[in-house]
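[1] I need the structure of the sequence given here:
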Amino acid sequence: MNIQTGYLYHIKDEFFDVVNDENLMTNHERGKKRPTYFTIKDKDILWFIPLSSKVEKYKKIVDKKIEKFGFCNTILIEKVFNNDAAILLQNAFPTLEKYIDHVHTVDNKPAKVPEKLSKIILENFEDLMNLKKRGINLFFTDIDKIKKQMLEELKTANEH
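    Predicted coordinates:
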């Protein structure tokens, strides 16, 4: 599979079993392959950012953060393929290609987020990663632990 930044993918249930992190958003409705994830390819690691259709729930959170801090870069509410979606940067996590179930399709074509929105997501993700490097962690999952686990899996696989 040719994984590319800016496309939407679905993840295998197996990933959640292997990682076993209670802060990860799970594939609710196991077997139905939801949610969809905006994907960022970073060498061998893929970063998955969940998209949620529960816009009203997240809009309230965004409004509270804007009221408190003047902005919100952890959740974006945007149109994605003619539907409002909450892009949950705070729920991002690293994974590997082997855990991808399939690419999300719209009209039988791989779903690629429009360039302008993709750029906004990437900029916000980079901001959150830079804050993390400075000791301000806004991610819900332990992304360092998961990344280490994924890199170990890769190393083990490459040794065989």
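
[2] what's the burial count for residue 130?
    Using other CB atoms under 10 Å, residue 130 has 10 neighbouring residues. Quick note: C-beta positions are derived from backbone N, CA and C, even for glycine.

[3] List the buried residues of whichever strand or helix holds it.
    Using DSSP states H and E, residue 130 falls within helix 115-133. Neighbour counts over helix 115-133 (16 or more other CB atoms under 10 Å) mark 117-118, 120-122, 124-125, 128-129 as buried.

[4] and it, how far from the chain's centre?
    12 Å (CA atoms, centre = their mean, to the nearest Å).

[5] got the angle between the helix or strand following it and helix 115-133?
    Scanning forward in sequence from helix 115-133 by DSSP H and E, the next helix or strand is helix 143-159. Relative orientation of helix 143-159 and helix 115-133, computed by axes from the mean of the first three to the mean of the last three CA atoms, to 10 degrees: 100 degrees.

[6] Using CSV, write out the CA atom coordinates for helix 143-159.
    What follows is helix 143-159, C-alpha atoms only, in CSV (Å, rounded to 0.1, in the frame of the first residue of the first chain):
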residue,chain,number,x,y,z
ILE,A,143,2.7,9.2,22.0
ASP,A,144,6.4,8.7,23.1
LYS,A,145,5.6,5.2,24.5
ILE,A,146,3.6,4.2,21.5
LYS,A,147,6.2,5.5,19.1
LYS,A,148,8.9,3.6,20.9
GLN,A,149,6.8,0.4,20.8
MET,A,150,6.2,0.9,17.0
LEU,A,151,9.9,1.5,16.4
GLU,A,152,10.8,-1.7,18.4
GLU,A,153,8.3,-3.6,16.2
LEU,A,154,9.9,-2.3,13.1
LYS,A,155,13.4,-3.1,14.4
THR,A,156,12.3,-6.7,15.3
ALA,A,157,10.7,-7.1,11.9
ASN,A,158,13.8,-5.9,10.0
GLU,A,159,16.0,-8.3,11.9
